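Colleague: show me the folded form of this:
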Amino acid sequence: MDLTWLSISGVLMGIMVFAFKVGLGCGLASLNRREMLSIASGYLIISLFMGMAIELIPESALAATLSAGVAVHFAVALMLVVLGVMTARNWNCHHHDISRKTFWALSMPCPACLAASFISCSFLAGMVDIDPWRIGALVGLLFFICIAVFSTALRMIKGTPSSLGSAMVLLGLFYILSILLIPAYLNSQKISFLSESPPLAETGLSYLTILALLTVGFLGRRMGVCL
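Modeller: Numbering: from 1, shown residues only. Purely as a prediction, here's the structure:
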């Protein structure tokens with residue numbers, strides 16, 4: 001199997017997952033078709049500019065952005081949880097739809113996601129013999145199509161604002177889990193398999209993670225969020 005095409009497929013799948021996140025916010029919020037297409041067009045334009053800027057942005061600036069990625073993702077995760085609870089609680093308790101005011105937490109690009117998209121464009125440009133701006137255009141076109149398709153499909157499901165709030169909370173918890181567990185997993189690879197018991201710090205982290213999830217679930221139920 002050609003590893004080049006396998007790597008390209010992995011990058012494209014990552015872009016589709018990001019587009020699904022955007023489409024999730026657009027499809028479950030009370031947006032009309034024109035607004036959804038406007039957001040999809042925005043990602044097309046951003047990707048095109050990224051392709052044009054591949055050879056202009058120094059690697060040091062990209063490295064600095066990536067080094068701050070964990071902190072940015074943690075802030076985004078907390079924002080998703082807070083806004084998700086607010087969205088679901090307002091609908092479940094007061095039948096007040098605030099999805100148009102909170103959906104942007106899912107659908108608008110955050111710095112970490114923009115950096116990931118730029119890396120995807122750079123990676124593709126380094127693997128195939130195509131002009132960088134064409135790479136950006138192809139990535140943007142993929143964004144546009146996937147966001148439009150995902151948004152339309154989710155809109156047909158006719159979910160409530162509570163569905164959007166629950167999705168935001170679950171995605172925020174997933175972000176927090178990935179921040180906590182992935183570094184712990186990578187560190188565990190450095191430990192000899194002959195060790196008789198796991199390190200105390202990693203065991204404590206696992207229990208704290210489980211306790212945090214149980215606490216968020218309990219508080220969510222008390223505040224009117226159905227997860």
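
Colleague: tell me the first helix or strand C-terminal of whichever strand or helix holds residue 6.
Modeller: Secondary structure from DSSP states H and E places residue 6 in helix 3-28. Note on helix 3-28: by DSSP H and E, the next helix or strand toward the C-terminus is helix 33-53.

Colleague: thinking again about what came up before, so which bits of the helix holding residue 6 are buried?
Modeller: 11-12, 15-16, 18-20, 22-28 (16 or more other C-beta atoms under 10 Å). For every residue, glycine as well, the C-beta is placed using N, CA and C.

Colleague: swap in stretch 33-52?
Modeller: 35-37, 39-40, 42-44, 46-48, 50-52.

Colleague: mind putting those in JSON lines, pLDDT and distance to residue 131 included?
Modeller: As requested, the buried residues of stretch 33-52 are exported to JSON lines (pLDDT from 0 to 100; distance: C-beta to C-beta, whole Å):
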{"residue": "35", "pLDDT": "89", "distance to residue 131": "32"}
{"residue": "36", "pLDDT": "89", "distance to residue 131": "30"}
{"residue": "37", "pLDDT": "89", "distance to residue 131": "27"}
{"residue": "39", "pLDDT": "91", "distance to residue 131": "26"}
{"residue": "40", "pLDDT": "90", "distance to residue 131": "23"}
{"residue": "42", "pLDDT": "90", "distance to residue 131": "23"}
{"residue": "43", "pLDDT": "89", "distance to residue 131": "20"}
{"residue": "44", "pLDDT": "89", "distance to residue 131": "17"}
{"residue": "46", "pLDDT": "87", "distance to residue 131": "18"}
{"residue": "47", "pLDDT": "85", "distance to residue 131": "14"}
{"residue": "48", "pLDDT": "86", "distance to residue 131": "12"}
{"residue": "50", "pLDDT": "82", "distance to residue 131": "13"}
{"residue": "51", "pLDDT": "80", "distance to residue 131": "8"}
{"residue": "52", "pLDDT": "82", "distance to residue 131": "10"}
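
Colleague: CSV please, covering those and showing distance to residue 124.
Modeller: Formatted as CSV, the buried residues of stretch 33-52 follow (distance: C-beta to C-beta, whole Å):
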residue, distance to residue 124
35, 29
36, 26
37, 25
39, 23
40, 20
42, 21
43, 16
44, 16
46, 16
47, 11
48, 14
50, 11
51, 9
52, 14
